[in-house]
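Trainee: what would the 3D arrangement of this be:
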Amino acid sequence: MQHRRISKKRATLAGGAVVALVAAGLTFQTANASEGTAPPTLKPLTAAAAGNLASTLGDSLGGDAAGSYYDATSKTLVVNVVDEQAAETVREAGGRARLVENTLGELKDAAGTLTDRASLPGTSWAVDPVTNKLAVTADSTVVGAAWQKLSGVVKDLGGKAELSKVAGEFKPFVAGGDAITGPGGRCSLGFNVVKDGQPFFLTAGHCTAAIQTWSDAQGTPIGTNAGSSFPDNDYGLVQYAAGIAHPSEVDLYNGSAQAITGAGAATVGQQVTRSGSTTQVHSGQVTGLDATVNYGNGDIVNGLIQTTVCAEPGDSGGSLFAGSTALGLTSGGSGDCTAGGTTFFQPVPEALAAFGAQIG
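Mentor: Okay, the predicted model is just below:
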């Protein structure tokens, strides 16, 4: 049979179903911290190299770690620290040290407080290393007693959290890279992968939670679910039907494709690109990691990448990437690609590890 090239896929669910791709809007402000200029001898880093350095330094600093982000202007990794000894460790490793007040441990404890006391539909929070605070966001549905409760908890956290409000409603968007469809909805394909020598693809878990069998945009059957996790996580695995081509690439919707050679972790400040079946290709910046989003109806997802990339229903499950590196699967958020918005992504390395798969 004729082989078809399938790229990213997302599903849009009918009625009150989850819409894959949740974009949430967070407002970040200047951090209350001192930041020195980069030493003249500091070696410029790519975003990928900065991410690798951030991971290494995070292990070295231990409890003194306070987050990091990539400064694209100076091409340096800015690493938050709480004392001069840790700052020296950062400088020796090739990073730019920045003294702040809150450690990552303290900010994660603050996130735990929010989970325990203010886990409300329409809310999200993520560590923002630029402000050195927990960025807490409420959508337009958080009003009255819910708003009072959330703002009270944030106030009690003092300098560890900052609250903002965003227009629209946090929801999953069903759609993505190349369109994939199923009974009652459409999503986007994320990345082609290999497991036990067989071809599969990743998409959003809220897509695979609602749809079991998938077809391409022309209605040709292409695969069946092999694994799914939603909520808490947002990833799903689909096994290809026989005879379907599965190149390791992302559709750029201009007649070309971006080859994908591996998966990696996102870095705050990194420029990233998303491909999805509703809005095609858009770019933006990573603004937070380890984000928690409450989509309502008990659908709380943890450990997400937060970005300024826009998305809309039908983009769910689609690809987030930087160059040839797979980073995330579109989960959801708020806003659209006319006015802009915030979108959250399930990290790809976590999904690969859960399914025992590799990019390929």
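
Trainee: show me what counts as buried in stretch 207-226.
Mentor: 207-211, 214-216, 222-223, 225-226 (16 or more other Cβ atoms under 10 Å). To be clear about C-beta, it is placed using only N, CA and C from the backbone, and glycine gets the same treatment.

Trainee: dump those residues into TSV; add pLDDT, secondary structure and distance to Tyr235 as well.
Mentor: Shown next, in TSV, are the buried residues of stretch 207-226 (pLDDT from 0 to 100; DSSP: H, G, I helix; E, B strand; the rest coil; distance: Cβ to Cβ, whole Å):
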residue	pLDDT	secondary structure	distance to Tyr235
Cys207	93	helix	10
Thr208	95	helix	8
Ala209	93	coil	11
Ala210	88	coil	14
Ile211	91	coil	14
Trp214	94	strand	15
Ser215	92	strand	20
Asp216	87	coil	21
Ile222	91	strand	18
Gly223	94	strand	15
Asn225	97	strand	12
Ala226	97	strand	12
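
Trainee: farthest pair within those?
Mentor: Using Cβ to Cβ, the buried residues of stretch 207-226 reach their maximum pairwise distance at Ala209 and Asp216, which is 20.5 Å.

Trainee: so where's the stretch 1-150 of the chain shaky on pLDDT?
Mentor: Across the stretch 1-150 of the chain, the ranges flagged by pLDDT under 70 are 1-41.

Trainee: can you show me the helices along it?
Mentor: 47-61, 84-93, 104-117, 144-156 (DSSP state H, counting those that start in this stretch).

Trainee: of those helices, which is nearest Thr279?
Mentor: Of all the helices of the stretch 1-150 of the chain, helix 47-61 comes closest under Cβ to Cβ, at 23.3 Å.

Trainee: how far off centre is that closest one?
Mentor: 18 Å (Cα atoms, centre = their mean, to the nearest Å).

Trainee: give the buried residues for it.
Mentor: 47-51, 53-54, 57, 61.

Trainee: run a quick neighbour tally on Ser256.
Mentor: For Ser256, the count of nearby residues is 8 (other Cβ atoms under 10 Å).

Trainee: which residues touch Leu304?
Mentor: 126, 234, 290-293, 328, 331, 344-347 (Cβ atoms under 8 Å, 6 or more residues apart in numbering).

Trainee: one more pass at 7 Å, please.
Mentor: By Cβ atoms under 7 Å, 6 or more residues apart in numbering, the contact list for Leu304 reads 291, 293, 331, 344-346.

Trainee: cool, and Ile260?
Mentor: 191, 248-250, 321, 324, 326, 359.

Trainee: ranking those residues by neighbours, who comes first?
Mentor: Phe191 (31 neighbours).

Trainee: quick one: that one and Pro129, what's the gap?
Mentor: Distance, Phe191 to Pro129, by Cβ to Cβ, to the nearest Å: 27 Å.

Trainee: swap in Thr103?
Mentor: Counting by Cβ to Cβ, the gap from Thr103 to Pro129 is 11 Å.

Trainee: try Ala48
Mentor: 18 Å.

Trainee: got the angle between the biggest strand by length in the chain and helix 47-61?
Mentor: When the chain is parsed with DSSP state E, its longest strand is strand 280-294. Strand 280-294 and helix 47-61 are oriented at 20 degrees to each other (axes from the mean of the first three to the mean of the last three Cα atoms, to 10 degrees).

Trainee: and the helix or strand following strand 280-294, what's buried?
Mentor: Next in sequence after strand 280-294, counting helices and strands by DSSP states H and E, comes strand 300-307. Residues of strand 300-307 classed as buried by neighbour count (16+ other Cβ under 10 Å): 300-301, 303-307.

Trainee: again, but for stretch 333-348
Mentor: Those would be 333-337, 341-348, for stretch 333-348 by 16+ other Cβ under 10 Å.

Trainee: repeat that for stretch 60-76.
Mentor: Neighbour-count burial for stretch 60-76 [16+ other Cβ under 10 Å]: 61, 64-71, 75-76.

Trainee: quick check: the farthest pair among those residues?
Mentor: Counting by Cβ to Cβ, the most remote pair of the buried residues of stretch 60-76 is Asp64 and Lys75, 24.5 Å apart.

Trainee: contacting residues for Ser283?
Mentor: So Ser283 contacts 271-273, 309 (Cβ under 7 Å, 6+ apart).

Trainee: list just the nearest of these to Thr137.
Mentor: Val309 (15.9 Å).

Trainee: who are the contact partners of Gly223?
Mentor: 201, 214, 238-241 are the contacts of Gly223 under Cβ under 7 Å, 6+ apart.

Trainee: mind giving me the ChimeraX select for those, buried ones only?
Mentor: Buried residues within the contacts of Gly223, by 16+ other Cβ under 10 Å, are selected in ChimeraX with:
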select :201,214,238,239,240
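
Trainee: which of the contacts of Gly223 fall in strands?
Mentor: Using DSSP E, the contacts of Gly223 in strands are 201, 214, 238-240.

Trainee: dump those into TSV; add distance to Leu99 as well.
Mentor: Formatted as TSV, those follow (distance: Cβ to Cβ, whole Å):
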residue	distance to Leu99
Phe201	45
Trp214	51
Val238	47
Gln239	50
Tyr240	51
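
Trainee: can you tell me which of those comes closest to Thr278?
Mentor: Trp214 (16.6 Å).
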